[in-house]
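J.: here are the coordinates; sequence isn't available:
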């Protein structure tokens, strides 16, 4: 396996892991995964050939690989489910329930201007409260099913 293919596989696997965990809505987007992985591998190789250190090459590649993937809508829903509803369901039910609630909560996110540092803003607290309310109402109407 040549170096470029090895690097591409490495970046593809790293991106796929993040998407599976925090961005399930993008986890099956093969074009996105291939494109980002290829860009990151090319950036790494270019940075290395330009004389950058390994740490600098990794930083450059990671910037490209994970651009706009620092704030996760799903992680936010999962955080709410774990923090606010963990007493009404078993631990192994939390992630599946969060996946179920993710599309239910999608409209709530549209009221906010999301950016990579959104989780550290005052608006995040408002979003968190709205998501909690949305899930509470859903549970009241549908039960835990």
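T.: Nice, thanks for sending it over. Nothing here was measured: the structure is a model prediction, and the numbers come from that model. Numbering: from 1, shown residues only.

J.: where in the chain is pLDDT low?
T.: 1-8, 145 (pLDDT under 70).

J.: let's go with 80 and repeat that
T.: 1-8, 144-145 (pLDDT under 80).

J.: now the helices for it?
T.: Using DSSP state H, the helices of the chain run over residues 3-22, 30-49, 54-65, 73-84, 91-109, 122-142.

J.: dump the residue contacts of residue 132.
T.: Counting by C-beta atoms under 8 Å, 6 or more residues apart in numbering, residue 132 touches 80, 84. From N, CA and C alone the C-beta is placed, and that goes for glycine too.

J.: How many neighbouring residues does the nearest residue to residue 70 once chain neighbours are set aside have?
T.: Nearest residue to residue 70 in three dimensions, chain neighbours excluded: residue 116, at 3.8 Å (C-beta to C-beta, 6 or more residues apart in numbering). When neighbours are counted by other C-beta atoms under 10 Å, residue 116 registers 12.

J.: Pick the most deeply packed of the helices of the chain.
T.: helix 73-84 (a mean of 19; mean count of other C-beta atoms under 10 Å).

J.: So what touches stretch 68-83?
T.: Stretch 68-83 is touched from outside by 18-19, 22-25, 94-95, 97-99, 101-102, 105-106, 109, 114-119, 124, 127-128, 131-132, 135, with contacts defined as C-beta under 8 Å, 6+ apart.

J.: Likewise for stretch 19-26?
T.: 27, 29, 32-33, 69, 72-75, 99, 102.

J.: cool, stretch 136-145 as well?
T.: Here stretch 136-145 has contacts from 84-85, 88-89, 97, 101, 104, using C-beta under 8 Å, 6+ apart.

J.: Can you give the distance of it from its chain's centre?
T.: On the basis of C-alpha atoms, centre = their mean, to the nearest Å, stretch 136-145 sits 25 Å off its chain's mean C-alpha point.

J.: And for stretch 132-145?
T.: For stretch 132-145, the distance to the chain centre is 24 Å (C-alpha atoms, centre = their mean).

J.: ok now stretch 69-79, how far from the chain's centre?
T.: Counting by C-alpha atoms, centre = their mean, stretch 69-79 is centred 6 Å from the centre of its parent chain.

J.: again, but for stretch 116-135
T.: Counting by C-alpha atoms, centre = their mean, stretch 116-135 comes out at 15 Å from the chain centroid.
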